[in-house]
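Q: generate coordinates for the sequence data below:
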Amino acid sequence: EFVSEDSFFLARELFQWFRSDVIQQKPFKETTLEIAFLHKNGIMKWGKMSVVPVFSPAGLLIGARGIVYDITREKQQQQRLEKHLQRLQQEKRYQAFIRYALERLNQTLDPYDQFPPLLNFLRSALKCDGMLLYRLVEGEQRMLKRLFCTCYANKTCKKLQEISLSDEEKRSLTSTIFWRRITDVPERFRFYWEEERVQRMLVIPFFVQERLLGCLVLFWQDVRILHRLLFTTAQIMAHLFAQGIARHEEWQQNVSSQKQLHEQKLLLEKAEDMLNFGQMMSAIAHEIRQPLQSIRILSESPIYWARSGKQLSYANLLSNMEKIVQRVQRIDSIIQSMRQAALSLQIIQPEKVSLHAAIEEALELVREDIVSAQIEVTKHLSLTEKCILFHPSQLVQVIVNILSNAIRILRKQSEPRKIFVETERVNDTLFLRIMDNGPGIPPEREKYIFEPFFTTHPGEGSGMGLYVVKRLLALYNASIVYRRKEMTIFEI
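A: Numbers count the residues shown, from 1 in each chain. The predicted model follows:
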């Protein structure tokens with residue numbers, strides 16, 4: 001008994017299977033047969049038949065009893081569920097691709113170096129045969145310039161390096177283009193389509209602030225159905241590449257600006273060095289001119305007296321020679337001071353230095369002078385010390401130079417003679433103050449204290465100490481100021 005023609009058709013197909021088993025005399029027992037076949041109306045059908053053998057009282061097989069089920073609807077529903085599950089799995093897979101790409105692009109400020117591995121990864125993930133990334137270059141001739149290419153065949157990457165665009169072609173790059181056959185492709189690109197045996201091509205333009213920036217091209221060398229998820233994923237990736245290119249170009253501009261600023265800074269430093277050099281040469285000329293003029297007068301005096309018919313006494317001649325030696329020594333002292341200043345102003349590899357340890361070492365170096373001058377030294381050092389980047393010997397030299405100036409000034413006044421050394425930390429900045437109760441520097445001369453050869457006591461010292469201090473501190477991004485309140489204060 002059959003409820004419909006479909007069930008009769010299904011039973012006949014299933015019976016053919018059952019009959020072949022009987023003819024081949026396979027051991028027959030209760031069984032279930034399932035089959036998929038193309039119905040006469042062109043629709044795929046699925047059927048199932050449960051067959052139970054019927055035996056005679058003597059145990060001989062005399063027939064069979066079967067029930068036929070049409071399971072087409074169940075199978076179709078199962079297929080829909082499987083496709084849905086597959087789509088969900090693909091969505092998760094593509095979401096993982098996008099997350100991975102985001103992580104790679106956000107690893108560095110300039111993501112440009114991440115493009116080649118990402119393109120290769122994306123090509124493998126989307127199972128395409130090639131992928132090309134183009135950047136639109138506006139100029140006298142508008143063109144697409146290829147940035148990267150990743151293909152199974154390396155020879156493919158040698159083609160389509162640059163593509164000139166007409167106005168109409170640029171206008172067409174407003175949405176995703178999908179070419180399914182060669183007749184869809186613009187005529188001038190068909191050679192590439194034929195040579196590479198391309199069957200499908202996807203062109204995805206990408207934009208930054210509504211400005212066309214370039215396009216991502218994917219192609220396949222076989223005929224396949226491209227589902228919606230692939231299109232969406234490719235479009236998202238194209239957008240990520242657009243953001244990456246924009247960040248790269250912004251980074252390049254920043255680097256270029258920083259380079260220009262650095263060059264300008266070098267020019268300013270060079271100009272400042274030349275200015276300092278000019279000031280120093282002027283100071284040297286001024287310092288040397290006086291002893292040279294004195295040497296000239298002392299040397300010419302015996303000649304003058306000889307031409308006048310008079311003879312200079314031996315004692316006067318010896319006195320002149322001693323004065324000449326003193327003037328030469330003065331000139332030599334100036335030159336030596338200049339050499340030492342030049343050598344000390346060379347930056348040495350900085351290290352992490354304890355400021356408090358440098359203070360203790362500097363005080364130890366000048367301890368004999370402090371004791372002989374009967375100076376009382378008081379220290380107020382910050383409890384929260386912070387290491388600084390400086391060369392240890394140059395940091396000690398800075399502190400010693402300031403202490404030496406204070407000691408030399410204090411020697412000339414009556415007691416009490418006091419020096420105060422204190423440090424203070426304010427946020428990430430460390431301050432060092434060296435103070436004394438000396439008379440200080442006259443207000444009208446304060447602006448000259450950091451210039452070469454400046455001294456308030458001619459004949460004592462070279463006048464290079466504070467100049468060297470300021471230049472050394474500048475090498476390590478530090479500064480020094482002079483203030484006069486109740487005490488003389490040098491603050492670094």
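Q: and the spatially closest residue to residue 431 that is not a sequence neighbour, what element?
A: In space, not counting the residues next to it along the chain, residue 431 is nearest to residue 424; the distance is 4.6 Å by CB to CB, 6 or more residues apart in numbering. C-beta here means a position set from N, CA and C on the backbone, and glycine is covered the same way. Assigned by DSSP states H and E, residue 424 belongs to strand 418-426.
Q: kindly export that strand (C-alpha atoms) in PDB.
A: The C-alpha atoms that make up strand 418-426 are tabulated as PDB, following Å, rounded to 0.1, in the frame of the first residue of the first chain:
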ATOM      1  CA  LYS A 418      79.400  78.700  55.700                       C
ATOM      2  CA  ILE A 419      78.500  76.500  52.800                       C
ATOM      3  CA  PHE A 420      75.100  74.700  52.500                       C
ATOM      4  CA  VAL A 421      74.500  71.800  50.100                       C
ATOM      5  CA  GLU A 422      70.900  70.600  49.700                       C
ATOM      6  CA  THR A 423      68.900  68.400  47.300                       C
ATOM      7  CA  GLU A 424      65.200  68.300  46.700                       C
ATOM      8  CA  ARG A 425      63.000  66.100  44.600                       C
ATOM      9  CA  VAL A 426      59.900  67.600  43.000                       C
END
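Q: phi, psi of the closest residue to residue 328 other than its chain neighbours?
A: In space, residue 328 comes closest to residue 295 once its chain neighbours are excluded; the distance is 7.1 Å by CB to CB, 6+ apart. For residue 295, the backbone dihedrals (degrees, to the nearest 10) come out as phi -60, psi -40.
Q: next one: residue 295 from residue 331, what distance?
A: Using CB to CB, to the nearest Å, we find residue 295 at a distance of 9 Å from residue 331.
Q: quick one: which of the two has more around it?
A: When neighbours are counted by other CB atoms under 10 Å, residue 295 and residue 331 differ, and residue 295 comes out ahead with 19 against 16.
Q: residues in contact with the more buried one?
A: For residue 295, the contact set (CB atoms under 8 Å, 6 or more residues apart in numbering) comprises 324, 327-328.
Q: pairing partners for the strand ranked longest in the chain, with directions?
A: In terms of residue count, the longest strand belonging to the chain (DSSP state E) is strand 44-55. Paired strands of strand 44-55, with direction, are strand 31-38 (antiparallel), strand 61-70 (antiparallel) (DSSP bridges).
Q: ok, and what's touching that strand?
A: By CB under 8 Å, 6+ apart, the residues outside strand 44-55 that reach it are 6, 9-11, 13-15, 18, 28-39, 61-72, 74-75.
Q: does residue 203 count as helix, strand or coil?
A: For residue 203, the secondary structure call by DSSP: H, G, I helix; E, B strand; the rest coil comes out as strand.
Q: who's in contact with it?
A: The neighbours of residue 203, taking CB under 8 Å, 6+ apart as the test, are 173, 176-179, 215-217.
Q: filter these down to the ones in strands?
A: When those are checked against strands (DSSP E), the matches are 177-179, 215-217.
Q: top of those residues by neighbour count?
A: For these, neighbours were counted using other CB under 10 Å, and residue 216 has the most, 25 neighbours in all.
Q: could you measure from the closest residue to that one other than its chain neighbours over to residue 131?
A: For residue 216, the nearest residue in space outside its immediate sequence neighbours is residue 238; the separation is 4.1 Å by CB to CB, 6+ apart. Relative to residue 131, residue 238 is positioned 11 Å away (criterion: CB to CB).
Q: what do those two both touch?
A: Both residue 238 and residue 131 are in contact with residue 216, where contact means CB under 8 Å, 6+ apart.
Q: can you pull the phi/psi pair for the nearest residue to residue 423 once chain neighbours are set aside?
A: Here the nearest residue to residue 423 in space, its sequence neighbours aside, is residue 382; by CB to CB, 6+ apart that works out to 4.5 Å. Backbone torsions of residue 382, given as degrees, to the nearest 10, read phi -60, psi 140.
Q: residues contacting residue 382?
A: Contacts for residue 382 (CB under 8 Å, 6+ apart) come out as 423-425, 430.
Q: how about a cut-off of 7 Å?
A: When the contact criterion is CB atoms under 7 Å, 6 or more residues apart in numbering, the partners of residue 382 are 423-425.
Q: pLDDT value on it, please?
A: Among the per-residue scores, residue 382 holds a pLDDT of 83.
Q: now the angle from the helix or strand where residue 89 lies to strand 31-38?
A: Under the assignment given by DSSP H and E, the secondary-structure element containing residue 89 is helix 72-105. With axes from the mean of the first three to the mean of the last three CA atoms, to 10 degrees as the criterion, the two stretches helix 72-105 and strand 31-38 enclose an angle of 70 degrees.
Q: and the next helix or strand past helix 72-105?
A: Scanning forward in sequence from helix 72-105 by DSSP H and E, the next helix or strand is helix 115-126.
Q: give me the buried stretch members for that next one, please.
A: Using 16 or more other CB atoms under 10 Å as the test for burial, helix 115-126 gives 115, 118-119, 121-123, 125-126.
Q: try stretch 477-492
A: Of the residues in stretch 477-492, those buried under the neighbour-count criterion (16+ other CB under 10 Å) are 478, 480, 488-490, 492.
Q: then that stretch to CSV, C-alphas only?
A: Below are the C-alpha coordinates for stretch 477-492, written out as CSV (Å, rounded to 0.1, in the frame of the first residue of the first chain):
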residue,chain,number,x,y,z
ASN,A,477,69.8,68.2,29.6
ALA,A,478,70.4,70.0,32.9
SER,A,479,70.6,73.7,33.7
ILE,A,480,72.0,76.1,36.3
VAL,A,481,70.8,79.4,37.6
TYR,A,482,72.3,82.0,40.0
ARG,A,483,70.3,83.8,42.6
ARG,A,484,71.1,86.1,45.5
LYS,A,485,68.8,86.4,48.5
GLU,A,486,70.3,86.2,52.0
MET,A,487,72.9,84.0,50.5
THR,A,488,74.7,83.3,47.2
ILE,A,489,72.8,80.4,45.6
PHE,A,490,73.7,78.2,42.6
GLU,A,491,70.7,75.9,41.7
ILE,A,492,71.1,73.0,39.3
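Q: distance from the chain centre to that stretch, please.
A: Using CA atoms, centre = their mean, to the nearest Å, the mean C-alpha position of stretch 477-492 is found 38 Å from that of the whole chain.
Q: need the helices for this structure, in chain order.
A: 5-23, 72-105, 115-126, 167-172, 190-195, 228-307, 314-344, 355-365, 367-372, 392-410, 465-475 (DSSP state H).
Q: of these, which is nearest residue 205?
A: Of all the helices of the chain, it is helix 228-307 that lies closest to residue 205, at 7.6 Å by CB to CB.
Q: ok so, going back, out of the contacts of residue 203, which one sits closest to residue 244?
A: Of all the contacts of residue 203, residue 244 sits closest to residue 216, with 11.6 Å by CB to CB.
Q: right, and the closest one touches residue 241 too?
A: Yes: using CB atoms under 7 Å, residue 216 is in contact with residue 241, at 6.2 Å.
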